[in-house]
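1. okay, predicted coordinates and the sequence, questions at the end:
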Amino acid sequence: MPLDLNAAGLEELARTGISVERARFFLEYRDEHGCFRTWEDVKNVPGFSQKSIELLKEHGAFFSGHDRKAA
């Protein structure tokens, strides 16, 4: 099932195989910096490696059309 990275919650992220701790980092980063637009944005999340990104991609992760907040 597709996974909107700009709307996903903790449980949805954890179902992809990333750890709950990484999922929390992801949500905290999104709350602080706004919506994700690219995989480069996701790479900026503390603890996210290329492996974490590949897990998200394998689960159909995508970016909805939200504008990113000004930092």
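-> All right, it came through fine. Residues are numbered from 1 along each chain as shown.

2. so which residues of this protein form strands?
-> Assigned by DSSP state E, the strands in the chain fall at 3-4, 61-62.

3. from the middle of its chain, how far away would the first one be?
-> In this view, strand 3-4 has its centroid 9 Å away from the chain centroid, taken as Cα atoms, centre = their mean, to the nearest Å.

4. buried sites along the longest helix seen in the chain?
-> Across the chain, the longest stretch assigned as helix under DSSP state H is helix 20-33. By 16 or more other Cβ atoms under 10 Å, the buried positions in helix 20-33 come out as 22-23, 25-26, 29-30. Any C-beta I mention is one placed from the backbone N, CA and C, and that applies to glycine too.

5. what's the closest of those residues to Glu12?
-> Of all the buried residues of helix 20-33, Ala23 has the smallest distance to Glu12: 8.5 Å, by Cβ to Cβ.

6. surely that closest one meets Arg15?
-> No: between Ala23 and Arg15 no contact is recorded; they are 9.3 Å apart, counting by Cβ atoms under 8 Å.

7. contacting residues around the closest residue to Ala7 other than its chain neighbours?
-> Leaving out its chain neighbours, the residue that sits closest to Ala7 by Cβ to Cβ, 6 or more residues apart in numbering is Ser64, at 6.3 Å. Contacts here follow Cβ atoms under 8 Å, 6 or more residues apart in numbering; on that basis Ser64 touches 4-7, 35.
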